[in-house]
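# how would this look folded up:
(one chain, ligands or ions: 1)
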Amino acid sequence: DSLDLCFFCRHFRLLGLVTLWLGVIFLAGFFHTNPLRPSYPQTNVMFLKTHKTASSTVMNILFRFAEKHNLTLALPAGQNYHLGYPHRFMAQFVEGFKTMGQSYNIMCNHMRFNLPEVQKVMPNTTTYFSIMRNPISLMESSYAYNKFFTPAFRRSKDVNEFLASPWTYYNMSECTNNVHARNYMWFDFGYDNNAMDTEDYVQHVLAEIEQAFQLMLLTDYFDESMVLLKETLGWELDDVVYFKLNSRSQDSIKSMTPESKEKVKEWCSLDWKLYQHFNRTFWRRIQETIGLEKLDQEVNLLRMRQKELMELCLLDPMPIDKTKIKDKKLQPFQSGRANILGYNLKEDMANETLRTCLRLITPELQYMSYLYAHQFPEKKRKSTAFSLWRR
Ligand SMILES: Nc1ncnc2c1ncn2[C@@H]1O[C@H](COP(=O)(O)OS(=O)(=O)O)[C@@H](OP(=O)(O)O)[C@H]1O
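Got it, this is the predicted structure:
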């Protein structure tokens, strides 16, 4: 009898907890608040900057946030522009690590993820997040950008020819030189991009990534992602307003045949599974936090603010060709067949406005070099260093 009673008590308690939790979610929905939003802005953040996923736009957001709150960045040491990529990340790749230990706030340069080493640099309270893109458009973007660098791409005429018969061009022994051609995201997360796609292995990796990262964003739903990011970190809308960086001119985008698109799912099956999984968790997370209705409202607010800032700052309504950029120091880095676009600012802006606008359009290498010089004034400047604010 006492056993029965105990059983009843336990279940009654469980039922109580579930009811309480549902109540919180219901009330949160009623008052349009997010039960999981922190009450103060999170300032310790690690962003795994995956390739060709809009990660430079996210990085610009993080750089601006770091400046606003006077935070310390874990930047690449010396003249480097990334954190040791394609080698697995090591704490010593960060400038000042030996003396500064775990006192950094934000880490967001390209790296091949390696959790135990990242944990040596970032405080225990750090929020980890990253971004993923549909492997089909990712492949097309990567092909254009890495055309002359990646052996598998060099040997083929275009992305459709490559995908029609990838093994003709892709040589496994060329290892990391070919990572841009197959399961690029899988590699960036620290795993073997040529591994056998077996159910157990994939499930193991997905579980490991979920354990390490509190949030996974999607390039394909970038504005929705920015809303989710600000909610997860307790940030303001203005913190995640952005101008699109690193986009390409229309003439450097190759249209993919339906066969090519299907082939990516098979050729990059590890990335395909990764993307499908985190696409599901993304929408589940929206449902558990702000819900679709509030999401729509917030996305609209974000777009309105972005439009306002574009009208305030930009000479042209769209990103422009590199040859049309008047201030050569603001030209983005170019690579392969990709014609990477940039911006011109309006003239005669007041000082404060000019700074706000400049921050939004400064390409990643220049911005990073500026922040490096600011954080380590005694060190030799990186070669793309330029003064952002003294003009
Ligand atoms: N806001 C937003 N929304 C959707 N897509 C966006 C956004 N910002 C950048 N992009 C696209 O992201 C691609 C560049 O990615 P990265 O900045 O990660 O490239 S890099 O690896 O740092 O070189 C590049 O894709 P492609 O144009 O297909 O090459 C950009 O157009």
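# interface residues of the stretch 201-350 of the chain facing the ligand?
219, 222, 244-248 (Cβ under 6 Å from any ligand atom). Any C-beta I mention is one placed from the backbone N, CA and C, and that applies to glycine too.
# Tell me which of those fall in strands.
Among those, none falls in strands (DSSP state E).
# pLDDT added to these, as a markdown table?
Converted to a markdown table, those look like this (pLDDT from 0 to 100):
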| residue | pLDDT |
| --- | --- |
| 219 | 98 |
| 222 | 98 |
| 244 | 98 |
| 245 | 97 |
| 246 | 95 |
| 247 | 95 |
| 248 | 95 |
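# Show me just the buried residues among those.
Buried by 16 or more other Cβ atoms under 10 Å: 219, 222, 245-248, out of those.
# could you point out where the protein is predicted with low confidence?
1-12, 14, 18, 20-33, 384-391 (pLDDT under 70).
# Tell me which residues touch the residue positioned nearest the centre of the chain, please.
Against the mean C-alpha coordinate of the chain, by Cα atoms, centre = their mean, the closest residue is residue 55 at 3.6 Å. Shown in contact with residue 55 (Cβ atoms under 8 Å, 6 or more residues apart in numbering): 47, 49, 110, 131.
# let's see it at 6 Å
Residues in contact with residue 55 (Cβ atoms under 6 Å, 6 or more residues apart in numbering) are 49, 131.
# and stretch 346-355, C-alpha only, in PDB?
Only the C-alpha atoms of stretch 346-355 are listed here, as PDB (Å, rounded to 0.1, in the frame of the first residue of the first chain):
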ATOM      1  CA  LYS A 346      26.500  58.800 -48.500                       C
ATOM      2  CA  GLU A 347      28.600  61.900 -48.200                       C
ATOM      3  CA  ASP A 348      28.600  64.600 -45.600                       C
ATOM      4  CA  MET A 349      27.200  62.600 -42.800                       C
ATOM      5  CA  ALA A 350      27.500  63.800 -39.200                       C
ATOM      6  CA  ASN A 351      30.400  62.100 -37.300                       C
ATOM      7  CA  GLU A 352      28.300  59.800 -35.200                       C
ATOM      8  CA  THR A 353      26.100  58.700 -38.100                       C
ATOM      9  CA  LEU A 354      29.200  58.100 -40.200                       C
ATOM     10  CA  ARG A 355      30.600  55.800 -37.500                       C
END
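# My guess is residue 170 contacts residue 152. True?
Yes - taking contacts as Cβ atoms under 6 Å, residue 170 lies within contact range of residue 152: 4.2 Å.
# Give the intersection of the neighbour lists for these two.
Joint contacts of residue 170 and residue 152 (Cβ under 6 Å, 6+ apart) are residue 181.
# What is the neighbour count of residue 191?
20 (other Cβ atoms under 10 Å).
# no, scratch that, I was asking about residue 203
There are 12 residues near residue 203, going by other Cβ under 10 Å.
# Nearest to residue 62 among the residues of the stretch 201-350 of the chain next to the ligand?
Closest approach between those and residue 62, by Cβ to Cβ: residue 245, at 12.4 Å.
# Let me see the ranges of the helices in the stretch 251-391 of the chain.
258-267, 269-288, 291-313, 351-361, 364-375 (DSSP state H, counting those that start in this stretch).
# Would you reformat the ones you listed as CSV and include mean neighbour count and distance to residue 70?
As requested, the helices of the stretch 251-391 of the chain are exported to CSV (neighbours: other Cβ atoms under 10 Å; distance: least, Cβ to Cβ, whole Å):
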stretch, mean neighbour count, distance to residue 70
helix 258-267, 16, 43
helix 269-288, 18, 30
helix 291-313, 15, 23
helix 351-361, 17, 15
helix 364-375, 20, 10
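# Please report how far residue 244 lies from residue 257.
27 Å (Cβ to Cβ, to the nearest Å).
# How about residue 147?
18 Å.
# These two: which has the busier surroundings?
residue 147 (19 against 13).
# Burial check on residue 42, number of neighbours?
16.
# unless I'm mixing things up, it is touching residue 235, no?
No - using Cβ under 6 Å, residue 42 makes no contact with residue 235, being 7.6 Å away.
# circling back to that earlier point, pick out the most distant pair among the buried ones among the residues of the stretch 201-350 of the chain next to the ligand.
222 and 248 (15.6 Å).
# Show me the longest strand that occurs in the protein.
strand 127-132.
# roughly how far is whatever helix or strand comes next after it from the heart of the chain?
Remark: after strand 127-132, the chain's next helix or strand is helix 135-146, criterion DSSP states H and E. Its chain's average C-alpha position is 16 Å from that of helix 135-146, according to Cα atoms, centre = their mean, to the nearest Å.
# Can I get the helix or strand just after helix 135-146 as CSV, trimmed to CA atoms?
Following helix 135-146 in sequence order, the next helix or strand is helix 151-154 (DSSP H and E). Extracted in CSV, the C-alpha atoms of helix 151-154 (Å, rounded to 0.1, in the frame of the first residue of the first chain):
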residue,chain,number,x,y,z
PRO,A,151,41.8,20.9,-56.8
ALA,A,152,38.4,19.2,-57.4
PHE,A,153,37.0,22.5,-58.6
ARG,A,154,40.0,23.5,-60.7
